[in-house]
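Trainee: how would this look folded up:
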Amino acid sequence: MRPLNRKEQAMYDLIAWDCIDDQKIVFKNPNHEQPTTPYTFDKVFEPACSTQKVYEEGAKDVALSALTGINATIFAYGQTGGGKMFTMRGISENAIKDIYKHIKNNQERDFILKISALEIYNETVVDLLNHKSGSLRLLDDPEKGIIVENLVEEVIQDSQHLRHLIGICEAQRQVGVIRT
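Mentor: So this is what the prediction gives:
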């Protein structure tokens with residue numbers, strides 16, 4: 001769950017959900033006549049939770065699994081204004097630090113890091129590293145499984161290069177309009 005942003009705080013908005021525990025949330029129903037149903041997840045992080053904690057408990061193992069040769073994906077999905085980008089920035093920065101720390105501590109191995117980034121927005125798949133490519137097609141490859149045709153995969157030179165590529169991806173993404 002994300003905290004209220006400055007605009008919401010200035011308007012004295014209230015958080016619409018209660019965190020019952022680390023797995024359940026419930027909608028704060030203004031009409032107390034209907035009981036609210038709790039929603040259960042693998043893990044719920046309350047609004048005051050740091051992105052460091054979200055990373056440590058929810059994403060670190062996935063991010064570091066890439067160093068053992070496993071393709072890793074951390075996927076953010078949700079409503080516009082839900083805090084996906086805020087959270088993913090924190091997760092990305094922590095993952096970069098841990099990955100390069102691991103590489104530094106394992107110099108007897110060679111590592112090749114690659115990045116690809118796509119966005120699915122209004123049922124259109126777009127390459128965030130090559131926005132001029134237009135809409136991309138999903139294909140079912142008999143050997144690889146589902147692939148994205150012509151998705152750019154770039155070899156990462158170092159942590160600064162990776163941050164640069166992530167910045168390009170952030171600049172290319174679609175941003176929906178929040179209506180209040």
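Trainee: tell me the domain boundaries of the protein?
Mentor: Domains of the chain are assigned by automatic domain parsing as 1-47, 50-110, 112-180.
Trainee: need those in JSON lines with mean neighbour count and mean pLDDT, can you?
Mentor: The way it works is simple: take the backbone N, C-alpha and C, and place the C-beta from them, glycine included. Output for these, formatted as JSON lines (neighbours: other Cβ atoms under 10 Å; pLDDT from 0 to 100):
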{"stretch": "domain 1-47", "mean neighbour count": "12", "mean pLDDT": "85"}
{"stretch": "domain 50-110", "mean neighbour count": "14", "mean pLDDT": "89"}
{"stretch": "domain 112-180", "mean neighbour count": "13", "mean pLDDT": "89"}
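Trainee: Now do the contacts for the nearest residue in space to Lys53 that is not next to it in sequence.
Mentor: The spatial neighbour of Lys53 that comes closest, neighbours along the chain excluded (Cβ to Cβ, 6 or more residues apart in numbering), is Phe45 at 6.7 Å. Applying Cβ atoms under 8 Å, 6 or more residues apart in numbering to Phe45 gives the contacts 1, 22, 53-54, 57-58.
Trainee: helix, strand or coil for Phe45?
Mentor: Of the three states, Phe45 takes coil under DSSP: H, G, I helix; E, B strand; the rest coil.
Trainee: Tell me the spacing between it and Tyr77.
Mentor: Plainly put, Phe45 is 15 Å away from Tyr77 if you go by Cβ to Cβ, to the nearest Å.
Trainee: Also Lys43?
Mentor: If you go by Cβ to Cβ, the gap between Lys43 and Tyr77 works out to 15 Å.
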